[in-house]
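>>> Fold the following for me, if possible:
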Amino acid sequence: QFQLVESGGGLVQPGGSLRLSCAASGFTLNNYAIAWFRQAPGKEREGVSCISRSGSNTNYADSVKGRFTISRDNAKNTVYLQMNSLKPEDTAVYYCAAQPLQAYFCSRQVRNYGYWGQGTRITVSS
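Numbering: from 1, shown residues only. Modelled structure (predicted):
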């Protein structure tokens, strides 16, 4: 069964760090571009970061650039999002998504992804 499972969310103080994981089961993750999205209460889902199938191309939203790092470990069938210097405005439910895009391409657009995880909640608060 095709499944994406996010983990690593929780409560963290401003300035802290978290690492999210997106584990795939039922399919081989290295055939898919992966993106992380987030959705805060009352707001639209936004693309935070993405990584191409090859792993050579990544992309970040301006709001997280320099603080978040996306990576993939194909041997573990997992994609990660390392989040540093977290801010209260990073509070949201974070989702990973997968789509078999071109090898060196990824997208942060919701419409380009057909496979989604269930989300993991992150709260940044003191």
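>>> In this structure residue 24 contacts residue 78, no?
Yes: with the criterion set as Cβ atoms under 8 Å, residue 24 and residue 78 qualify as a contacting pair; they are 7.2 Å apart. (Each C-beta comes from the backbone N, C-alpha and C, glycine too.)
>>> So which of those two has more stuff around it?
In this comparison of residue 24 against residue 78, neighbours counted by other Cβ atoms under 10 Å, the higher total goes to residue 24 at 24 against 18.
>>> what's near enough to touch that one?
With contacts taken as Cβ atoms under 8 Å, 6 or more residues apart in numbering, residue 24 has the following neighbours: 3-5, 32, 77-78, 98.
>>> now those as CSV including secondary structure, pLDDT and distance to residue 12?
Listed next are those as CSV, based on DSSP: H, G, I helix; E, B strand; the rest coil; pLDDT from 0 to 100; distance: Cβ to Cβ, whole Å:
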residue, secondary structure, pLDDT, distance to residue 12
3, strand, 94, 26
4, strand, 96, 23
5, strand, 96, 20
32, coil, 94, 28
77, coil, 94, 26
78, strand, 96, 21
98, strand, 96, 26
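>>> Can you select the buried ones from those in ChimeraX?
Filtering the contacts of residue 24 down to the buried ones (16 or more other Cβ atoms under 10 Å) takes a single ChimeraX command:
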select :4,32,77,78,98
